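> sequence and predicted structure are below.
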Amino acid sequence: MSEQLELDSDLRVLGTATAAVSERYLQTVREVASGATPEAAIPLLLLAVSDLTAAGARLGAIVDVVPAERFEPDDGPDPDMEPLRLSLANLLEGVDEYHEVSDPLVSTEVTVGSLSNDLADVAQALMVGLKHHRAGHASEALWWWQFSYLSDWGERAASATRVLLGLIAHLRLDVDPDVAGEAEFEALHSAD
């Protein structure tokens, strides 16, 4: 029986959708890392990570996926994400590092995180799933995406989302009071 038939139609749809959102995430992160749109880097990353987080939530909400094969097929070497990580670190210099509670359910320990590491780690996990998906190992891809979402990339994506949202909020809301007052004055008096 082919692996495609072993997955029910809902899981096949989920696998295809996860592959598509993974591709979009990787494309966006690579484009941003290339420095092509530095003025839009933070908003583009927020959109990509948020879109991916929604897809991950679907993986977390379903029952455990059981792969068709007992052992993970060898679909080639894992991709090297170090160039991507370094490009992101250069682009995000000055805002790359952040602090967070390591596990808010069981600890109050504060750790240091890195946005570039988070984004690259998520990309690494997605690429492994995409390799399985492209090789026709649909159940293995879906299992990998679900497992790695619950064990790693879901947390990294959530941290990245929080940091990116914080960056955008600071950029938009941290306005000098004099500048804000002048803008408010002009807005109130321009309607006359």
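Here it is on my side, so go on.

> can you list contacts of the strand or helix carrying residue 44?
Assigned by DSSP states H and E, residue 44 belongs to helix 41-61. With contacts defined as Cβ atoms under 8 Å, 6 or more residues apart in numbering, helix 41-61 is touched by 14, 17-18, 21-22, 24-25, 28-29, 31-32, 37, 91-92, 119, 122, 126, 142, 145-146, 149-150, 153-154, 157-158, 160-161, 164-165, 167-168, 171. C-betas here are computed from N, CA, C, even on glycine.

> got the buried residues for that helix?
Within helix 41-61, the residues that count as buried by 16 or more other Cβ atoms under 10 Å are 41-42, 44-46, 48-49, 52-53, 55-56, 59.

> please, where are all the strands along this protein?
97-101, 110-114 (DSSP state E).

> now distance to residue 67 and mean pLDDT too, for the ones you listed, in JSON lines please.
Listed next are the strands of the chain as JSON lines, based on distance: least, Cβ to Cβ, whole Å; pLDDT from 0 to 100:
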{"stretch": "strand 97-101", "distance to residue 67": "32", "mean pLDDT": "91"}
{"stretch": "strand 110-114", "distance to residue 67": "31", "mean pLDDT": "92"}
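
> so which of these gets nearest residue 79?
strand 110-114 (19.2 Å; Cβ to Cβ).

> what distance do you get for the most centrally placed residue in the chain to residue 106?
The residue lying closest to the centre of the chain (Cα atoms, centre = their mean) is residue 49, at 3.6 Å. Computed as Cβ to Cβ, to the nearest Å, the residue 49 to residue 106 distance reads 25 Å.

> check the burial of residue 30 by counting its neighbours.
Taking other Cβ atoms under 10 Å as the criterion, the count of residues near residue 30 is 15.

> and it, how far from residue 108?
37 Å.

> sorry, back to before: can I have the buried ones of the contacts of helix 41-61 as a PyMOL selection?
Under the burial definition 16+ other Cβ under 10 Å, those of the contacts of helix 41-61 that qualify are selected in PyMOL by:
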select buried, resi 14+18+21+22+25+28+29+32+91+92+119+122+126+142+145+146+149+153+154+157+158+160+161+164+167
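
> residue 64: neighbouring residues, count only.
Around residue 64 there are 8 residues (other Cβ under 10 Å).

> list the contacts for the residue nearest to it when sequence neighbours are not counted?
Spatial nearest neighbour of residue 64, chain neighbours left out: residue 146 (7.0 Å); criterion: Cβ to Cβ, 6 or more residues apart in numbering. For residue 146, the contact set (Cβ under 8 Å, 6+ apart) comprises 59-60, 62, 64-65.

> now, the most widely separated pair of these?
Longest span within these, Cβ to Cβ: 60 and 65, 11.3 Å.

> quick one, what contacts residue 31?
Residue 31 neighbours (Cβ under 8 Å, 6+ apart): 37, 44.

> next one, pLDDT for it please.
Residue 31 carries a pLDDT value of 96.
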